[in-house]
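K.L.:
return atomic coordinates for the entry below.
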Amino acid sequence: MPAPLTRLRGRRTSTVDTVKVSIIATNPPTGDALVLEGEGVSEEHALAVAKARVPQGWRTVSCRRH
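P.N.:
Numbers count the residues shown, from 1 in each chain. Below is the predicted model of the structure:
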């Protein structure tokens, strides 16, 4: 006889709120600007993610939380 089927009862899934941050970075020699976004579980983590995307030699001008 096959094993009985088991039913999954209403499993709860935990949701983690995320924080989104935008950074404006500029390239000083050319004046070009980029808007880069980061997302994380905290503002510090989201900011670190966004800063990691800033190209080398560019400067962060502004940061904003969404």
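K.L.:
check the gap between the residue at minimal distance from the centre of the chain and Trp58 for me.
P.N.:
Nearest to the geometric centre of the chain sits Glu39, at 1.3 Å (C-alpha atoms, centre = their mean). Glu39 sits at a distance of 20 Å from Trp58 (criterion: C-beta to C-beta, to the nearest Å). Where you see a C-beta, it was placed from the backbone N, CA and C, and this is true even at glycine.
K.L.:
please identify the buried residues of stretch 38-49?
P.N.:
For stretch 38-49, a neighbour-count test (16 or more other C-beta atoms under 10 Å) marks Gly38, Gly40, Ala46, Leu47, Val49 as buried.
K.L.:
tell me which of those is nearest to Ser62?
P.N.:
Leu47 (12.0 Å; C-beta to C-beta).
K.L.:
and that closest one, what element?
P.N.:
Leu47 is located in helix 43-52, with elements delineated by DSSP states H and E.
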